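A.B. asks: I'll drop the sequence and a predicted model, then ask my questions.
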Amino acid sequence: MTSVLAPPPQGSGLKPVPGVPGVPYIGSTLAVMRDPIGMARKRYEQYGPVAWGWLLGQRTCTVQGPEAAEVVLVNRDKAFASGPAWSYYIGPFFRRGIMLLDFEEHLHHRRIMQQAFTPARLRAYMEAMAPGIVRGVESWRPGPGFKVYDSIKQLTLDLAVDVFMGVRLDDAERARVNGAFIDAVRAGTAYVRFPVPGLRWHKGLKARKALEEFFYRHLPAKRRDGGDDLFAALCAAETDDGARFTDEDVVNHMIFALMAAHDTTTITLTTMAYHLAKFPEWQERLREESLSLGKAQPSYDDLGSFTGIDMVMKESLRILPPVPALPRKVVKDTSILGYHVPAGTMVVVPMLSNHHMAQWWPDPERFDPGRFSPERREDRVHKYAWAPFGGGAHKCIGLHFAGMQVKTILHQVLQRYRWSVPARYEWPLDTTSLPSPKDGLPVRLEPLEQK
């Protein structure tokens, strides 16, 4: 039965947000996690771009389409806060990361943090990554059943630890760090949101303690010795007026950045690998592009020549954005596309389903990297039609690092291997947390014949 979120103020001319709340606290949570795109389409057909329901224990207003996304993400009247929203989901595990701060405090931290993502720093990270990428990719064992997701996740974590921290870890400690990040990320979408031993929330809290201990242990040496890694950059970063991060700030940002860097890049590369296996003509086109560069290791200035990789990356980010939804908390009464949204409401911008709206994307389920070619540029239909990195003040600060890492890794893979999946294979996606293939994406990996 349809009900309204809240009656609009008399004389405002605003409409009430419609929806079907369902069972309090639970609502459509299970259905959305099982089929986020299907549920979004159903909601849009019934109620239009703005609708509400219970989701993960919150009265949640879901806003669909790029026009609504722009209102929320650009946030001109400062009615939407990122921190309280993300804190509800991941706050205990990634507290005071850059995405969990707002307004002046967020701007202050972002200004300091930007010193770690200058072009000079990106060049240094790329040079530091190069040996680890080659070492990691060359260690892959060709054959049937090679699990792309598992292998890329291990590689990106190794790179994040090496390049972001500038320290070497033994296999046992790497496994502990990786396990802690997995537990921390998965805890955000726990159904039971208090520490019951053995369940997601409890595991996430233990993971946070382990990660804090890990970073605080390495912090004094990093403050003392410096280096070309992110950890050193955050320790040394300073604005023109002398603002710097405290030890607690550095640890909080490192835990968040390390999670964001290796998880999102893993999902992007895995999505690219899946579609390149399903569409071998694109795999061959990208391989020819990489081989024609004539360099085993590209320089920072060579990345612009990877036009095919860039199109496939953007199409993969459209089909499966690594962060499929962006939540905000309404901190004062506001409106979205003429609908009244009261203070205290959780608002979600569902980038995953927005990227699959036929109103904005022709044949949205089809893998078509040519959408992003200079001749077509279908993403230009609206500034927020394609927004895998978010937008506004909270647009991902590491987006250029992510693109650099994706292109550099795929270049090495294309030069060494060819991969395929059975003709009728469709990957089973787990969308209960950050999206990932339940089966690890098994492919037949074959070494490329060297000429």
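C.D. replies: Nice, I can see it.
A.B. asks: which residue ranges form the strands in the stretch 251-400 of the chain?
C.D. replies: With DSSP state E, counting those that start in this stretch, the ranges of strands along the stretch 251-400 of the chain come out as 326-330, 334-336, 339-341, 346-349.
A.B. asks: and the average pLDDT for the longest one is what?
C.D. replies: What strand 326-330 shows for mean pLDDT is 96.
A.B. asks: any idea how far the helix or strand bottoming out on mean pLDDT in the chain is from the middle of the chain?
C.D. replies: Ranking every helix and strand in the chain by mean pLDDT, DSSP states H and E puts helix 29-34 at the bottom, with a mean of 77. Centre-to-centre, helix 29-34 and its host chain are 20 Å apart (Cα atoms, centre = their mean, to the nearest Å).
A.B. asks: what comes up buried for that helix?
C.D. replies: Across helix 29-34, burial judged by 16 or more other Cβ atoms under 10 Å covers 29, 32-33. Yep, even glycine has a C-beta here, placed from its N, CA and C like the rest.
A.B. asks: contacts for that helix?
C.D. replies: With contact meaning Cβ atoms under 8 Å, 6 or more residues apart in numbering, helix 29-34 is reached by 39, 54-56, 189, 191, 431-432.
A.B. asks: hmm, which of the residues you listed are the buried ones?
C.D. replies: 39, 54-56, 189, 431-432.
A.B. asks: quick check: the two most widely separated of these?
C.D. replies: Across the buried ones among the contacts of helix 29-34, the longest distance by Cβ to Cβ is 18.3 Å; it joins Trp54 and Thr431.
A.B. asks: with adjacent residues omitted, what lies nearest to His356?
C.D. replies: Leaving aside its chain neighbours, His356 sits nearest to Pro364 (4.5 Å; criterion: Cβ to Cβ, 6 or more residues apart in numbering).
A.B. asks: need the pLDDT of the nearest residue to Leu276 once chain neighbours are set aside.
C.D. replies: What sits nearest to Leu276 in space, not counting adjacent residues and going by Cβ to Cβ, 6+ apart, is Gln283, at 4.1 Å. Note on Gln283: pLDDT of 98.
A.B. asks: who are the contact partners of Gln283?
C.D. replies: Taking Cβ under 8 Å, 6+ apart, we find Gln283 in contact with 276-277, 414, 418-419.
A.B. asks: quick revisit: same list, the buried ones among the contacts of helix 29-34, but as JSON lines with secondary structure, distance to Pro119 and pLDDT please.
C.D. replies: Compiled in JSON lines, the buried ones among the contacts of helix 29-34 are given as follows (DSSP: H, G, I helix; E, B strand; the rest coil; distance: Cβ to Cβ, whole Å; pLDDT from 0 to 100):
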{"residue": "Met39", "secondary structure": "helix", "distance to Pro119": "42", "pLDDT": "88"}
{"residue": "Trp54", "secondary structure": "strand", "distance to Pro119": "46", "pLDDT": "84"}
{"residue": "Leu55", "secondary structure": "strand", "distance to Pro119": "40", "pLDDT": "83"}
{"residue": "Leu56", "secondary structure": "coil", "distance to Pro119": "39", "pLDDT": "77"}
{"residue": "Thr189", "secondary structure": "coil", "distance to Pro119": "36", "pLDDT": "70"}
{"residue": "Thr431", "secondary structure": "coil", "distance to Pro119": "36", "pLDDT": "84"}
{"residue": "Thr432", "secondary structure": "coil", "distance to Pro119": "38", "pLDDT": "77"}
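A.B. asks: want to throw the residues you listed into a markdown table with distance to Ser353?
C.D. replies: Formatted as a markdown table, the buried ones among the contacts of helix 29-34 follow (distance: Cβ to Cβ, whole Å):
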| residue | distance to Ser353 |
| --- | --- |
| Met39 | 8 |
| Trp54 | 18 |
| Leu55 | 13 |
| Leu56 | 17 |
| Thr189 | 17 |
| Thr431 | 11 |
| Thr432 | 16 |
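A.B. asks: with respect to Trp360, which of the residues you listed is nearest?
C.D. replies: Comparing these against Trp360 with Cβ to Cβ places Met39 closest, at 18.4 Å.
A.B. asks: show the subsequent helix or strand relative to the host helix or strand of Pro84.
C.D. replies: Using DSSP states H and E, Pro84 sits in helix 82-90. The element immediately downstream of helix 82-90 (helix or strand, assigned by DSSP H and E) is helix 103-113.
A.B. asks: may I see the buried residues of that next one?
C.D. replies: By 16+ other Cβ under 10 Å, the buried positions in helix 103-113 come out as 106, 109, 112-113.
A.B. asks: reformat these as CSV; add pLDDT and distance to Arg244.
C.D. replies: Supplementary listing: the buried residues of helix 103-113 in CSV, determined by pLDDT from 0 to 100; distance: Cβ to Cβ, whole Å:
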residue, pLDDT, distance to Arg244
His106, 94, 17
His109, 92, 11
Ile112, 90, 7
Met113, 90, 11
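A.B. asks: ok, which pair from these is furthest apart?
C.D. replies: Based on Cβ to Cβ, the longest span within the buried residues of helix 103-113 runs between His106 and Ile112 and measures 11.2 Å.
A.B. asks: what is the nearest of the contacts of helix 29-34 to Arg121?
C.D. replies: Of all these, Thr189 has the smallest distance to Arg121: 32.7 Å, by Cβ to Cβ.
A.B. asks: wouldn't the closest one be in contact with Ser433 here?
C.D. replies: Yes: taking contacts as Cβ atoms under 8 Å, Thr189 lies within contact range of Ser433: 4.9 Å.
A.B. asks: from the contacts of helix 29-34, which two are the most distant?
C.D. replies: Trp54 and Thr431 (18.3 Å).
A.B. asks: got the contact list for the nearest residue to Thr62 once chain neighbours are set aside?
C.D. replies: Leaving aside its chain neighbours, Thr62 sits nearest to Val348 (5.1 Å; criterion: Cβ to Cβ, 6+ apart). Neighbour list for Val348: 55, 60-63, 325-328 [criterion: Cβ under 8 Å, 6+ apart].
A.B. asks: can you rerun that using 7 Å?
C.D. replies: With contact set as Cβ atoms under 7 Å, 6 or more residues apart in numbering, Val348 has these partners: 60, 62, 325, 327.
A.B. asks: and the second one, helix, strand or coil?
C.D. replies: What that stands for is Thr62. Of the three states, Thr62 takes strand according to DSSP: H, G, I helix; E, B strand; the rest coil.
A.B. asks: bridging residues for it?
C.D. replies: For Thr62, the beta-bridge partners are Ala51, Val348 (DSSP bridges).
A.B. asks: tell me how many other residues surround it.
C.D. replies: For Thr62, the count of nearby residues is 27 (other Cβ atoms under 10 Å).
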